[in-house]
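Q: sequence? don't have it. structure:
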């Protein structure tokens, strides 16, 4: 037999077909319905906002990696995803430099400062939004109605009227469900987000524990404490359909890097996000709490992992 | 679908294309290379010298110590060399090279030993030890050691492992389909040696024909049942098999006998049956020669010591673009740097993979997707173990249960960042063991 050169490597010699880029692409596919909904309700400005955010994210990652003489990894799709997600949680009325600057912050300070993909401890898109909210609060909370672009309040403001305010009527459930309401670019259409979320669950990209824990907790707590006529008079359906719960539960809190790796931990993550969201919505100063709830749980993630390590096979736990 | 299963595990593509190819006897090799170590445990002392004439079944290497197994000549002919030779498990090992005279003359001691019912437990253990029988599933642990549990361990069930969970491999499948009576006969001998009356032959549910053949063969023996298990890798790992079949968990650091079980492979049972019925030591075994790099994949009965190159030739040779040749399956097998290595007792498969199946992708960053943790059949968290290992944090790796890793490779298989997780954990295990020995 002729002397041929054989490849020698450590087992296993088979690898699953999915790779990181493929997983990122799956999430992007799952976001297509929400993107389409944003164009329908807020016009082609939505495309501009998404493009500005993606451009900011990819450019920043590229410039950073070139300057730091690191391998350029923009093709793995993670920067693109950060850009899309950041665009989706901004109002449709923002000037185009806002998503761009937010993405620069998200990629440079939140992701690359801590070591790049896999090493950041906060969700870059959410941290980017928090940065924009702190820096240009008026621009980032200027909500407009779908189609006509007239300034208006979001349904969440109507759901939880502050003392002394006269509550505007909460939009109907159908409007909330299809997304024909004021809100962030990609989070108004519950229908589109549910379609995307179910796709991710079906493809095995995300675990059910985080979205189930998140949405379940929000539903339970808003039903019990969210009403104006005493306990158990709240409107959990409106609380889930309005605001960022669905986008957060399916696409933000499930971010692998910043959520627990243990199964029990993921459930705790979901419940914690739901709890903090409701706390902020009902008793906090902001109408919406999804962004901060996830960021706070991101910070708790290493601790959650540490305390929820699975019982290993054959382990005899000391009593 | 069977619901006898375990937590974790993966579903790789099984690619058992040779499942319906009957076992065929390989052409006799012109020379065999018999390493003096083909088992877990101490190496053998050679009993012959260069120039000696040997016969089939003649003991040519004596076991040293309790955990060891003798080796025997698989052909008749002349010893031409006793020198270090490339071993399919890696490195070079002292080996006896025998040039065959083509006669296959049997040694005088190769003669029937009686039947299972008349032999005593001690006699069976003795036959198994002298026949050099080791676990043929791949780990090659000397079988007689398993048959001698310490008296304080009460064994109540024997599990015969016919899972064959590694992709590509079909030699055990063929044995079960074609020689179910031998399997059952060997199993009865093993049961008698340990003194257990209950046994289950465990087969994955992707081999219904094997389960059916075994059920037929075991009909006459009420203590022997056939259990069909869910098809999932690594179902054939003994701890996972015990969990799936009996619901018992082998304690961390323990052995199957700690939960009253002894596990052995179906191929081992066939070897035991032949050692009793014919008196033939373990000098041949079934091997699947397959993979995208092999032109005509086959299941062969092969003499121990036959060079891989001989068998590959008999299967049509390697394709032009073969990139890897593996001793064993694709999940736990060992990649070879040459095809001039012999089949050893633990060689269940010669797997040649074409370039298209050998994707070498650069490792990326861990995105903490936890697929490895979900896949780990030992419920470890490989991504943390890898971090500790790569940073040289051996104490932390040990604390995170690195020593419980069974090295099945499920973590590396699922990793979307293509990280060599199990490789890092293996490294940690070696370091942890070395540090323990130093103390």
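A: Noted; the coordinates are in hand. All of these numbers come straight from a predicted model, not from anything done at the bench. Residues are numbered from 1 along each chain as shown, chains lettered A, B, ... in the order given.
Q: Now do the contacts for residue 103.
A: Answering for chain A, as no chain was given. The contact partners of residue A:103, by C-beta atoms under 8 Å, 6 or more residues apart in numbering or on different chains, come to A:52-57, A:60, A:82-83, A:86, A:128. C-beta coordinates here come from the backbone N, C-alpha and C atoms, glycine included.
Q: Let me rephrase: I mean chain B.
A: B:76-77.
Q: Grab the nearest non-local neighbour of residue B:377.
A: residue B:8 (4.1 Å; C-beta to C-beta, 6 or more residues apart in numbering or on different chains).
Q: how about the helices in chain B?
A: Counting by DSSP state H, chain B has helices at residues B:121-130, B:143-146, B:171-178, B:180-194, B:208-218, B:238-246, B:266-277, B:308-314, B:371-375, B:382-390, B:394-399, B:410-414, B:421-438.
Q: Residue B:298 pairs with what?
A: Taking DSSP bridges as the rule, residue B:298 bridges to residue B:289.
Q: before we move on, back to that, what's around the residue nearest to residue B:377, how many residues?
A: 22 (other C-beta atoms under 10 Å in any protein chain shown).
Q: Now do the same for residue 164: its pLDDT.
A: If you meant another chain, say so; for now it's chain A. Note for residue A:164: predicted pLDDT of 62.
Q: My question was about chain B, not that one.
A: At residue B:164, the pLDDT recorded in the model is 96.
Q: quick one: it from chain A, how far?
A: Separation of residue B:164 from chain A (C-beta to the nearest C-beta, to the nearest Å) stands at 16 Å.
Q: Hmm, residue B:172 and that residue touching each other?
A: Yes. With contact defined as C-beta atoms under 8 Å, residue B:164 reaches residue B:172; the gap is 4.4 Å.
Q: Let me see the contact set for the residue nearest the centre of chain B.
A: Among the residues of chain B, the one closest to the centroid is residue B:138, at 1.6 Å (C-alpha atoms, centre = their mean). Residue B:138 makes contact with B:328-329, B:332, B:346, B:348, according to C-beta under 8 Å, 6+ apart.
Q: go on, residue B:429?
A: Going by C-beta under 8 Å, 6+ apart, residue B:429 touches B:402-403, B:405.
Q: same thing but 10 Å
A: Taking C-beta atoms under 10 Å, 6 or more residues apart in numbering or on different chains, we find residue B:429 in contact with B:385, B:389, B:394, B:397-398, B:402-405, B:407.
Q: what number of residues lie near the residue of the stretch 1-150 of chain B found nearest chain A?
A: Per C-beta to the nearest C-beta, residue B:12 is where the stretch 1-150 of chain B lies closest to chain A, at 5.4 Å. Using other C-beta under 10 Å, residue B:12 has 23 other residues around it.
Q: where does the stretch 1-150 of chain A come near chain B, residue by residue?
A: Contacts of the stretch 1-150 of chain A with chain B, taken as C-beta under 10 Å from any C-beta of the partner chain, map to A:1-24, A:71, A:73, A:76, A:78, A:115-119.
Q: List buried residues within the residues you listed.
A: Buried members of the residues of the stretch 1-150 of chain A next to chain B, counted by 16 or more other C-beta atoms under 10 Å in any protein chain shown: A:6, A:10-16, A:18-20, A:23-24, A:73, A:76, A:78, A:116-118.
Q: Give me the subset of those residues that lies in helices.
A: Members of those lying in helices (criterion: DSSP H): A:20, A:23-24, A:78.
Q: Find the nearest non-adjacent residue to residue 150, please.
A: I went with chain A, as the question did not name one. residue A:144 (6.3 Å).
Q: sorry, should have said chain B
A: Per C-beta to C-beta, 6+ apart, closest to residue B:150 is residue B:257, 8.0 Å.
Q: what about the chain, any weak spots by pLDDT?
A: In the absence of a named chain, this looks at chain A. A:1-3, A:162-167, A:317-319 (pLDDT under 70).
Q: wrong chain, I was asking about chain B
A: Across chain B (using pLDDT under 70), the flagged ranges come out as B:1.
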